[in-house]
Structures are given as structure tokens and as C-alpha cells.
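> Give me the fold of what follows.
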Amino acid sequence: MTYTLTPGKALREVFGRVVTELADSDPRIVVVDGDVGSSSKGDMFEKAHPERYLQMGIAEQNMLSAAAGLATTGLIPYISTFTAFAVVRPLDQIRVSIAQTGANVKITPAYAGLFTGSTGMSHIILDDLSLMRTLPGMVVIAPADDMEAEAALRWSRDYDGPVYIRLIRDATDRLFPAPSFALGPVIPIREGKDVTIFSTSTQTPRTYAATQLLAERGIDAKLVHVPTIKPVDPDGIANAAAATGRAITVEEGTIHAGLGGVVAEVLGELHPTKLSRIGFQDIYPESGTNAALLDKYGLDAEGVARQVERLL
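Below you'll find the predicted structure:
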């Protein structure tokens, strides 16, 4: 299949619309907001279902605890806040009240990764996938675009247990032509013989664009999208790496315990392969515009292509 990148919608807007639509026919769904509904687009749900929109204020630890309590009554709470404040600040509450109990809470904040609207280092989070995947029982999903995000959100309603879905503030390129998501399997995006590149989240469309640049420069790269960080698809990863004998991971996040960690663990156990990891190398990012940050950290299409060339 040949993919064509087209303009997509912001994943936070997909969240607001899809969860509202799900709630239209499912009275169990509630949104728990941390006083940022206009930013995370939880306010779309508030307008449609004000009686099920619970404003918790800037008190994220209490908010996640309350969400766990709501789940015990049979409700399905979706979390509306910034990713940094939904993952790091209430991590103990997530671990003890949600992950350990298997509470049916959907942690679906916006503002993951670099696209945070120049809000500063306190709001930029690059280790969300790393933190969430270490929690036993937590499902971790990183959609590539608005189509996959919509399908993952709809899927999450029917899954009984805690789920983290990585959502991005601003619009990114659309890779998939229609909503589609299946828990687990990796998705082959491009065939190639020189190197296997694994990518995840909204970095995948940019990495796909990079493979087009690499092809023009004589490098035939195989690209595999990893939408499910946990549970991982070990056979899919091992077979994809074996197809070329050389692997590279690309992610808009830390390489430590993120996608790079996932692939390294799998290949170390199943198919030892030369692996390089492109992403954040144990640093905190600066604040800036989306384009400036992607350029600075080599995560736009040209930056990824340049790094892959250098590694090979």
C-alpha cells in the first residue's frame, strides 16, 4: 500500500468530538477535567453533556483519584488535562488507585511531546510513554494521526481496564485514509531492504516523509509504525528487523524506555540486531515553535533522513 500524507486534525479536537459522540449513546461515559477544557477540548463534551462533565480544578492528583472512584461505580471516566499534569504529577495515584486495581479509567490528556504551543519546559513531556509502559496492567497507545486516534478512542470505550492514549495539541499530517486501530500489531508502512525503521505516535508521518527523502538518496528503508507500546508485538518487531538486518527507532520522546527501549528489549530477547535510536538523548527540551523544535532536535523529515544517513 502506498500512503499519501495529507493535512490532519489536531488530536485534542478528535478527543473532544469522539468522546462526546460516544457519550451520546453511552450514559456511563464522563469527562473529568483539570480546569483546561478549552485547551484540551473537553469543553466540547461539557456543552453536550454538562451533567457528566466534572470540573476538578487544578488538582490533578485528586482528579485521578476521583476518576478511580468513579470507575468503581460503573462509570467510564476520560481524563481531560495537559499530558504533563495527567502523567507525572499524579503518578502515585495512577499507580496505586488505577493501575494496581485495574480501574476502568481512560487517561487521554492532550499536549504530549513537543507540540505544546510554546508553553515552556514545565508543560513539555517526552517521557510519558516510558512512564506509562512501566505500570503493570496499563495499556499504552500512541496513534500516528487523527484517523488512528479516533479509532483508538472508540476502541478504548469497550476495553475494560486502564488505558493511556498519547494525544497531541496541534494538527499533524494524516497518514491513514480512514479510522482504524487494532491493539497490539505493528503496521508495515513502507517496504525496503537496507534498514528497518520503527516509529510511533505522530512522529510516524514525519518518518514516512523521511523515507521518501532517503529513497531519493539511494537508501531503501522499510518503515514500521508501532501504535501499541504495550502490549507490544514482539514477533512483528523481530520479523521486521530480521527482514533487513539493521534497525533504527525514531520517536518524539526519550529513547530511554520509550519506543527505543521497547524495540531494544524485544530484539535483545528474540533477534539480536544492530540497533540505533533517534530521539531525545537524556536531555530536557527547550521551548519554541513546533517547526523550530523539530528542526533543532532533528525530528522533521529532513532531520530524520540526515540522521539515518549518518547512522548507516
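> low pLDDT regions in this protein?
Of all residues in the chain, none has pLDDT under 70.
> tell me which element residue 229 falls in.
strand 228-230 (DSSP states H and E).
> on contacts alone, who are the packing partners of that strand?
Strand 228-230 sits against helix 128-133, strand 139-141, helix 259-270, with contacts defined as 3 or more C-beta pairs under 8 Å, 6 or more residues apart in numbering; DSSP states H and E. Glycine gets a C-beta too; all of them are placed from N, C-alpha and C.
> For that strand, which outside residues touch it?
With contacts defined as C-beta atoms under 8 Å, 6 or more residues apart in numbering, strand 228-230 is touched by 129, 132-133, 138-142, 183-186, 200, 258-259, 262.
> and residue 278, how many neighbours?
Neighbourhood size, residue 278 [other C-beta atoms under 10 Å]: 26.
> looking at it, it is touching residue 298, isn't it?
Yes - counting by C-beta atoms under 8 Å, residue 278 touches residue 298, with 7.2 Å between them.
> overlap in contacts of those two?
Residues touching both residue 278 and residue 298 (C-beta under 8 Å, 6+ apart): 304, 307.
> Select from the contacts of strand 228-230 the one having the most neighbours.
Within the contacts of strand 228-230, residue 142 tops the neighbour count with 33 neighbours, counted by other C-beta under 10 Å.
> For that one, which non-adjacent residue is closest in space?
Spatial nearest neighbour of residue 142, chain neighbours left out: residue 201 (3.9 Å); criterion: C-beta to C-beta, 6 or more residues apart in numbering.
> by contact count, what packs against the host helix or strand of residue 249?
Take DSSP H and E as the rule and residue 249 turns out to sit in strand 246-254. For strand 246-254, the elements it packs on are helix 128-133, strand 195-199, helix 203-216, helix 259-270, strand 274-280, helix 301-311, judged by 3+ C-beta pairs under 8 Å, 6+ apart.
> Name the residues that touch the shortest one?
Just to be clear, that refers to strand 195-199. With contacts defined as C-beta under 8 Å, 6+ apart, strand 195-199 is touched by 186, 207-208, 211, 219, 221-226, 237, 240-241, 243-244, 246-251, 259, 263, 308, 312.
> Just give the strands next to the strand holding residue 229 in its sheet, each with its orientation.
strand 139-141 (antiparallel) (DSSP bridges).
> Give the burial count for the closest residue to residue 167 other than its chain neighbours, as a bare number.
In space, and not counting its chain neighbours, residue 167 is closest to residue 11: 4.2 Å by C-beta to C-beta, 6+ apart. Residue 11: 31 surrounding residues under other C-beta under 10 Å.
> how near is residue 11 to residue 228?
Here residue 11 is placed at a distance of 16 Å from residue 228 (C-beta to C-beta, to the nearest Å).
> What are the neighbouring residues in contact with residue 80?
15, 31-34, 36-37, 40-42, 45, 108-110.
> what are the bridge partners for it, then?
On the basis of DSSP bridges, residue 80 is bridged to residue 33.
> Can you tell me how far it is from residue 160?
Residue 80 is 21 Å from residue 160, by C-beta to C-beta.
> Summarise which helices and strands the helix or strand harbouring residue 14 is packed against.
Remark: residue 14 resides in helix 11-25, with elements defined by DSSP H and E. If you count contacts as 3+ C-beta pairs under 8 Å, 6+ apart, helix 11-25 packs onto strand 29-33, helix 37-40, helix 43-48, strand 76-80, helix 146-158.
> Can you pull the phi/psi pair for residue 7?
phi -60, psi 130 (degrees, to the nearest 10).
> Identify the residues contacting it.
Here residue 7 is in contact with 171, 173, 174 (C-beta under 8 Å, 6+ apart).
> from the residues you listed, which single one is nearest residue 96?
residue 171 (35.9 Å; C-beta to C-beta).
> any idea how far the residue nearest the centre of the chain lies from residue 252?
Closest to where the C-alpha atoms of the chain average out (C-alpha atoms, centre = their mean) is residue 142, at 2.6 Å. Residue 142 sits 10 Å away from residue 252, going by C-beta to C-beta.
> I would like the residues contacting stretch 297-311, please.
114, 195, 197, 203, 206-207, 209-214, 217, 219, 221, 248, 250, 252, 276, 278-280, 285, 291, 293-295.
> 6 Å instead, please
Stretch 297-311 is touched from outside by 206, 207, 209, 210, 213, 214, 250, 252, 276, 278, 294, with contacts defined as C-beta atoms under 6 Å, 6 or more residues apart in numbering.
> for stretch 139-149, same thing?
The contact list for stretch 139-149, computed with C-beta under 6 Å, 6+ apart, reads 8-9, 11, 14, 132-133, 152, 163-166, 174-176, 179, 181, 200-201, 204, 225, 228-230.
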